[in-house]
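Q: Output the structure for:
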Amino acid sequence: MFHDKYLEDLKIGEIKPKGWLLKQLELQRTGLTGHLDEIWEDVSENSGWLGGTGENWERGPYYIDGLIPLSYLLSDEQLIRKSEFWIHKILMSQKENGFFGPSDNTDWWPRMIVLKAFKSYFEATNDKRIIDFMLSYLKYQKNNISHKPLKIWAHMRGADEVIILKWLYEITHEKFLYELAKTLNNQTADWRRYFQEFPYQTSMSNYMNWKETEENILRFGWENIEKENNALFYKFHFSHGVNIAMAIKKIVADSFFEEFNLSDETTKALTKLKRYHGFVNGMFSADEHLSGNNPNQGTELCAVVEMMYSLEKIIQFTEDFYYANLLEKIAFNALPASIAPDFRAHQYDQQPNQIKCTIAERNWYNNLKDSNIFGLEPNFGCCTANMHQGWPKFVKHMWMRKGEEFYKIIYGPSELKTNLKNGDILNIEEKTDYPFGNSITFVIKENISIPVKLVFRIPEWSEGIKISLNRKDISSDINNGSFSITRKWEKEDIIEIEFVRKVKYSKWYKNSVGVEFGPLVFALDLDEKWEKISGNRIFYDAEVATQSPWNFAINCSEDINVHMNEVLGNPFDKKYNPLVMSLKAKKIENWKEENNSAGNIPFSPVKTDSPEEIVKLIPYGTARLRISEFPYYE
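A: Now for the predicted structure:
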């Protein structure tokens, strides 16, 4: 049977966001997530998933995979009704043999997404129809998977379903789920071997001519490309950014069926991604395929939210807090940076060094001219549908548990409320401005009659830690990046934590530097002129430009002044920016714009006779235009 060493998910709604984190979800509600079905045909009532004649593949499932957890995290009746409308229609689409969804699209892949979304709905409602529905469908799949095996996207992304099957097995103990999971895992692409070999160590432009690739796809069609040109199929899918972000979970899925060091293999895979394609924001290049680590290249928003979800599952099944450092870095930097401050537009691609967002040619591997503007559907609509899962699933995974032990994975303003096995309620409020501040207070809201162990992650970047219990300094067990306290908790018990953070410089492309402060990356503060080019008064497409000079090298040899303001509103909106750095810099006159992006960054250290001046840096997630990988001078 399945190997069973892992942390347990908490259910949707057992962790509620507060403060600035709640604001992100509220912006989703008033922005694209709450209204997408009203303004976008692909998830309207004409969707193929709702019985209409419209889009019938992945976009409806993607949308509800974010809509459902958002609805219940906010306890928003209007959003819940929207979620239930989708649930009802999909439940009613199930045939006697267990198959469901659009009859004119029998692909396994979008149904994998539906299973993820339905898991969230079951956690929030305990609606037993979901379990019956899943079991009926999965019996159908088991009966048909041998003569209709996973193909194309399902073949690449089958680990998503394997993880759901493990969850369902723990609830139902249906033995056929294990056999089906094993079959699906065997039919899924061998990503472990891929990461071990990692064949693509520079931009895919050196391995795969896009014009020829596109011609072959049109010639053979998706259904036949693997058979007709297997080498091309391999290159396309094993370099596709979103596939790769999702594929990390295949290492997890393999660990369900065989023994190996999961943390070790996962770390090696992530290390290779960072080395050859990594950016300071925690992500890797994917515009649409691997593109090296030049900060002018882009990263697709779908890859950002899928990488977050993969890391959440990796943490759960490795019990290794190390991966939470990367998860926080992506969530606090790459995620907000690619979404407009009002959550009413988004980018398809973001650049770590991004000096304007306009419809123009850039060095994308194969994305279109509009890929980095903010809009409803720049380049392609997958991110329009898939972006919504990012913040809700991040909130859901802030705590995990193992029996009566609770693990604090991710920090941020929130409240945990969950049942213990003896009937007591564990209720902990987390008061903090983290990651903008570095102090956190946990307040116990109910008496607990049995000992409960709380385990707190110590971030990798922390230079030290101060811990107190009920205002008294305490010594704690510090083990593998964490400390723990076990006791019968009493109402109004207070745990206070303060992490020690300093400005650090990380090294990137051409020996450039990133400026990091705790989990936050900092970027040059550029004036932003937003110009709406289409759309309506509320939802829009916009270009963003600047008149600010951007071609600076920075001085890394002196201490940086960091000024913190009160955290108000949306901290990823420049109007409410809570942190500012001031540091010395010099212009690099021969570093100029090329192909509508910052030119190729000069190798550091650079020589320049320009006068020294003071520049401002702000959090990466607040800056929609920015330089975040800087040359430096000595």
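Q: can you pull out the helices in the stretch 101-250 of the chain?
A: Applying DSSP state H, counting those that start in this stretch to the stretch 101-250 of the chain gives helices spanning 108-125, 128-144, 152-157, 159-172, 175-187, 191-197, 210-220, 225-228, 230-238, 241-255.
Q: Just tell me which of these ends up closest to K272.
A: helix 191-197 (6.5 Å; C-beta to C-beta). Where you see a C-beta, it was placed from the backbone N, CA and C, and this is true even at glycine.
Q: Go through the closest one and flag the buried ones.
A: Neighbour counts over helix 191-197 (16 or more other C-beta atoms under 10 Å) mark 191-192, 194-195 as buried.
Q: thought A542 was touching W530?
A: Yes: contact criterion C-beta atoms under 8 Å: A542 and W530 qualify, at 5.1 Å.
Q: Now the common contact residues for those two.
A: F374 (C-beta atoms under 8 Å, 6 or more residues apart in numbering).
Q: coming back round to it: same list (the helices of the stretch 101-250 of the chain) but as TSV, adding mean pLDDT.
A: Converted to TSV, the helices of the stretch 101-250 of the chain look like this (pLDDT from 0 to 100):
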stretch	mean pLDDT
helix 108-125	98
helix 128-144	98
helix 152-157	96
helix 159-172	97
helix 175-187	98
helix 191-197	97
helix 210-220	89
helix 225-228	80
helix 230-238	92
helix 241-255	97
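Q: Would you mind listing the residues in contact with E429?
A: With C-beta under 8 Å, 6+ apart, E429 has these contacts: 18, 414-415, 442-443, 445.
Q: one step back: neighbour count: A542 and W530, which is higher?
A: Taking other C-beta atoms under 10 Å, A542 and W530 do not tie; A542 has more neighbours (20 against 15).
Q: Tell me how far stretch 165-181 lies from the chain's centre.
A: Here the centre of stretch 165-181 is set off from its chain's centre by 27 Å, with C-alpha atoms, centre = their mean, to the nearest Å.
Q: which parts of that stretch are buried?
A: Judged by neighbour count using 16+ other C-beta under 10 Å, the buried positions of stretch 165-181 are 165-169, 174, 177-178, 180-181.
Q: swap in stretch 450-461?
A: The neighbour-count check on stretch 450-461 (16+ other C-beta under 10 Å) flags 452, 454-459, 461 as buried.
Q: Need the contact partners of that stretch.
A: 321-322, 324-325, 328, 404-411, 420, 422, 424, 426, 428, 442, 465, 478, 481-489, 495, 497, 499, 501, 504, 516, 518-519.
Q: same question, stretch 16-28
A: Here stretch 16-28 has contacts from 34, 66, 70, 73-74, 336, 341-343, 388, 391-392, 395, 412-415, 417, 429-433, 436, 567, 569-572, using C-beta under 8 Å, 6+ apart.
Q: on that earlier part again, for the buried residues of stretch 165-181, which two are the farthest from each other?
A: Longest span within the buried residues of stretch 165-181, C-beta to C-beta: W167 and L180, 13.3 Å.
Q: circling back to that earlier point, export the contacts of E429 to JSON lines and tack on distance to I80, pLDDT and neighbour count?
A: Output for these, formatted as JSON lines (distance: C-beta to C-beta, whole Å; pLDDT from 0 to 100; neighbours: other C-beta atoms under 10 Å):
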{"residue": "K18", "distance to I80": "20", "pLDDT": "98", "neighbour count": "16"}
{"residue": "S414", "distance to I80": "20", "pLDDT": "98", "neighbour count": "21"}
{"residue": "E415", "distance to I80": "20", "pLDDT": "98", "neighbour count": "17"}
{"residue": "F442", "distance to I80": "29", "pLDDT": "98", "neighbour count": "20"}
{"residue": "V443", "distance to I80": "29", "pLDDT": "98", "neighbour count": "16"}
{"residue": "K445", "distance to I80": "25", "pLDDT": "98", "neighbour count": "16"}
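Q: List the ones among those that fall in strands.
A: 414-415, 442-443 (DSSP state E).
Q: Turn these into TSV, including distance to T106.
A: Below are the ones in strands among the contacts of E429 laid out as TSV (distance: C-beta to C-beta, whole Å):
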residue	distance to T106
S414	41
E415	43
F442	49
V443	52
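Q: Check the residues you listed and tell me the two furthest apart.
A: S414 and V443 (11.9 Å).
Q: hang on, Y407 in a strand?
A: Yes: the assignment for Y407 by DSSP: H, G, I helix; E, B strand; the rest coil puts it in a strand.
Q: Tell me the spacing between it and N296.
A: To N296, Y407 is 39 Å away according to C-beta to C-beta, to the nearest Å.
Q: Those two: who's more crowded?
A: With neighbours defined as other C-beta under 10 Å, Y407 and N296 compare such that N296 has more, 26 against 23.
Q: Look up how far N577 lies from the closest residue to the more buried one other than its chain neighbours.
A: In this structure, N296 finds its nearest non-sequential neighbour in S597, 4.4 Å apart by C-beta to C-beta, 6 or more residues apart in numbering. Distance, S597 to N577, using C-beta to C-beta: 24 Å.
Q: Ok, A181 next?
A: Distance of A181 to N577, given as C-beta to C-beta: 46 Å.
Q: Repeat that for Y633.
A: Distance from Y633 to N577, by C-beta to C-beta: 27 Å.
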